[in-house]
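Enquirer: Starting from these lines, generate the structure:
(chains A and B)
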Amino acid sequence: MQALRSARHLAWGLGLLAWLLSGCSSTSNRDVLRGRIFLAIGASYSDRLSSTVIEERISQANQLIKSFQALHPEVEAEINVFSEGDLQQAIARRNATGLAPDLIFLDGMTAHSLALAGMVRPMRFPQSTTDELEPASFDRLRLSDGSVAGLPLLLEPQIACFNRARLAKSPSSLQGLLELAETGIEIGFSLESAGLYWTAGPLGAAPALKALALGQPITPPQHRQIRYWLKWIQTAHLLQHINYYGPEEDLLQGLMKGRLDWIPCHSNSLVRLRQALGKRLAVAALPGDFAGPATPITRERVWAFGVNSSPNQRRIAEAFATFTVNPLIQRSITIAIQNQLPVNRHVPPPVASSAVLEAMVASEQQGQASEEIVQLVPPLDQRRRLLAQLMMRLVFGEISPDQATDALIKQLGNRAGR
Amino acid sequence: MIQLVDQIVGWLGYLQRPNVVLQLLVVLLPTIAGWQLHRLRPLNQRWTRWIPLVIGLVVATGIGSLAAMGQPSGLALVLSILLLGWLGLNLLHGPLERVIAPASLHLLETRLLKPAYVLMAGLVLLNLVDNVQDLAVIRLGEWFSTPVNLGNLFEAALFVYLLVIGSSPPAQGLAWLAQEALGMSDGSRRALALMIRYVVVGIGILWALDHVGFNPTAILAIAGGLSVGLGFGIKEVFSNFVSGLWLLFEGSVRPGEVLFIDGDPCEVRSLGLRAALLWRDRDNAELVIPNQTFFTMTTTTYTGSDRMRRSQVLVGAAYRHSPEAVLALLEATARSTPRVLQHPAPKALMLRYDDSSIQYALRFWIENPMDNVGICSDVNRAVWQAFEEAGIEIPFPQRVIHQA
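Expert: Numbers count the residues shown, from 1 in each chain, chains lettered A, B, ... in the order given. Below is the predicted model of the structure:
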């Protein structure tokens, strides 16, 4: 009797499982998308994962999902936010369990690294999709077999963000920035290597750094250019009103709370800055100097595709990702939020009507000079962490510019360090 | 709250994936089958002890097969490890039983070890299907104009629970140190430990309210509302709680104290928030008495200023024996009885002339009031023996009736 009851319980359990499976899975009708996909949103390395950042990222992703649901109301999405520093580990863990996200929104170079490691699915998109996007974007994500690591979605240029109430306009040169600091304007720099690279171009060190990253020997003049750049970084810290911080999040907090007046920041933070500063927030392209314009690093945000998805989830994920690069969506993201630039080449940002977009476009163009070094030293590269430590030791006077130059040449030139 | 429910329902989306369902089946089917077999087993079948091993082998084979086919098997592995850990936790019972008293072990297992394991397992699984940091920022709503999110509420509840469960040993340790340093009594030590716990838990609750984000004004509003509730609905509960605190400070009803309840000495085992638990030696009964009772009624204690009790036995001796000799013998007998204190010295008294005998009382002091009945029995037995040896008669009443 008890055995019969137990068998009945088991049958009920399996029946329930079957019902859940049937309820959650797609219909066989290929025109209708129905089901649930899992989205992982990577918060950039420089964004310390906080409740504010998580809520902001979830809210932004939800806006895209709601637009997609207007076409496919039976599609649901589950969103998780991860720090991109932890993303590789999280993806590896989830891949092993079969619970990997279907779509991952992350930095293009990180996606490239993950694809090379087999942690995300290499993709091939139809001609109609690739024709919409800048070829350079796809080229950066291209793998050796011709597939790509993901689908580019948006660009986040590095710009100057400042408090309009404290200074009317951003300086056009690094020298001007130093002079501004002497007048009592609080300037903040990030000690992350990628956060400081924008100063390398104006001070003449960018070609030498690129040569090093390529593994090429540098000439004595290039050695002097690197030393000059590092000495400038160290000397700037001697000024009372120039301060170095760790991740970019610290700079943002400083600006929002009024401790800082001018910082370099990535455009995706503009929503939070606007909320905190209101009309006092102003943006501009980063300043250049005698050797040329600034060399900011533009983050390219892409969709990468998970390896554990069911066929239905793949279908939805691909449809959703493709949907997000259509001109209408790209345009509305760009205009409505004004914190990211479109990758769709048929959507020119309306720079004439927006100073913010104008600054972002100018910075993005400047950032094209840094694309090569970003590819050579991608975000997951260990050399970035080592260089950040080196900058900290330099700024705090633990090592001299000469010692820092030698260490930088050694570290950056060591491609095995990757 | 709706967001949280949505999130939880959303996890079912993973069941769309055949590889996830396969892993669940690999672990759950053998486990459920084994559990059913375990429930149905005939009591004296020896083969049934091999069930867990067989289940383990089946699950391991399943996981190995998944891995060999290049399918994800991490979820099945994690579930197996968690189930194995749960079995291991139950196996821990035997060794712990040897070093921890059963009552304490039961508390340790049901209130700390097993909940901690379930929590840890839950977090491990949550981290697989979701991101704990994302879940933590889910807003549960606005309580008293304060936005409350899941993470803060969970942390606060966990913190208070751990304080309530785990603050006892450190509080006992601190109280012991205070006893060693100040030379206080055992009762005072226990009272101090309890007060330290109350203070720590009280501060913990305040911290928890602050951590959740309640502003002091909201807390005051709650306190105001509660005060009205206290006046009507939970007056007795609050009265008992305050009485308990007062009694602790006063020191009259503290753990270890011996009180006289309904004619029996009872030892205070614990003084809780609502009631005191007393142990009655006579029948090994435990009495749960509301704290308020001690606050309002006269209490007889044997442990107010010291733990000694003056005890007494009564005996009659025939009129022909010299009272001096009887008194001396009684005192000598008491002095030679174990557990009777030498100081203050036992004292024999001649009480009155009865019909058949002279009534004597033998008064003596004992160290532990709870031993009174046993020691009185010993003294009575020794007196009988001493009288027998000295030829002193203990007469019984005799009445001669003359019928006219």
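
Enquirer: B:Val118: how many residues sit nearby?
Expert: The tally of other residues near B:Val118 (other C-beta atoms under 10 Å in any protein chain shown) stands at 13. Where C-beta positions appear, they are placed from N, C-alpha and C, glycine not excepted.

Enquirer: Ok, B:Pro115 next?
Expert: 15.

Enquirer: any idea where the strands of chain A begin and end?
Expert: Along chain A, counting by DSSP state E, strands occupy A:35-43, A:75-83, A:103-107, A:151-156, A:158-163, A:187-190, A:242-245, A:262-266, A:281-284, A:299-305, A:341-342.

Enquirer: same check, this time on chain B
Expert: Counting by DSSP E, the strands of chain B are B:139-143, B:146-149, B:258-261, B:264-271, B:275-280, B:285-290, B:300-301, B:309-317, B:347-353, B:358-366.

Enquirer: Now the fourth one: buried residues?
Expert: Read that as strand B:264-271. B:264-268, B:271 (16 or more other C-beta atoms under 10 Å in any protein chain shown).

Enquirer: Tell me the one among those nearest to B:Val164.
Expert: B:Val164 lies nearest to B:Leu271 out of the buried residues of strand B:264-271, by C-beta to C-beta, at 16.0 Å.

Enquirer: Enumerate the beta-bridge partners assigned to the closest one.
Expert: B:Ala276 (DSSP bridges).

Enquirer: per-residue pLDDT, it?
Expert: Listed pLDDT for B:Leu271 reads 79.

Enquirer: can you tell me how far it sits from B:Val253?
Expert: Going from B:Leu271 to B:Val253 by C-beta to C-beta, to the nearest Å gives 6 Å.

Enquirer: per-residue pLDDT, the residue of the stretch 201-350 of chain A found nearest chain B?
Expert: Of all residues in the stretch 201-350 of chain A, the one sitting closest to chain B is A:Ser310 (4.7 Å; C-beta to the nearest C-beta). We have a pLDDT of 92 for A:Ser310.

Enquirer: In this structure it contacts B:Pro18, no?
Expert: Yes. Counting by C-beta atoms under 8 Å, A:Ser310 touches B:Pro18, with 6.7 Å between them.

Enquirer: When these two are compared, which one has more neighbours?
Expert: A:Ser310 (23 against 14).

Enquirer: Stretch B:366-386: which residues count as buried?
Expert: So, applying 16+ other C-beta under 10 Å, buried residues of stretch B:366-386: B:366, B:368-372, B:375-376, B:378-380, B:382-383, B:386.

Enquirer: Tell me the residues on chain B that lie near chain A, please.
Expert: Counting by C-beta under 8 Å from any C-beta of the partner chain, chain B comes close to chain A at B:7, B:10-21, B:23, B:32, B:36, B:39-40, B:71-75, B:78, B:128-131, B:133-134, B:136-137, B:149, B:151.

Enquirer: on that earlier part again, quick one: common contacting residues for B:Leu271 and B:Val253?
Expert: Residues touching both B:Leu271 and B:Val253 (C-beta atoms under 8 Å, 6 or more residues apart in numbering or on different chains) are B:247, B:291.

Enquirer: Show me the shaky parts of chain B.
Expert: Along chain B, segments meeting pLDDT under 70 span B:1, B:41-48, B:187, B:230, B:233, B:249.

Enquirer: What is the biggest helix by length in it packed up against?
Expert: Ranked by residue count and defined by DSSP state H, the top helix of chain B is helix B:186-212. Here helix B:186-212 is seen to pack against helix B:150-166, helix B:168-182, helix B:235-250 when contacts are counted using 3 or more C-beta pairs under 8 Å, 6 or more residues apart in numbering or on different chains; DSSP states H and E.

Enquirer: how far off strand B:139-143 does that helix point, in degrees?
Expert: Put simply, helix B:186-212 runs at 100 degrees to strand B:139-143, going by axes from the mean of the first three to the mean of the last three C-alpha atoms, to 10 degrees.

Enquirer: Pull out the buried positions in helix B:186-212.
Expert: In helix B:186-212, counting by 16+ other C-beta under 10 Å, buried: B:187-194, B:196-198, B:200, B:204, B:208-209, B:211-212.
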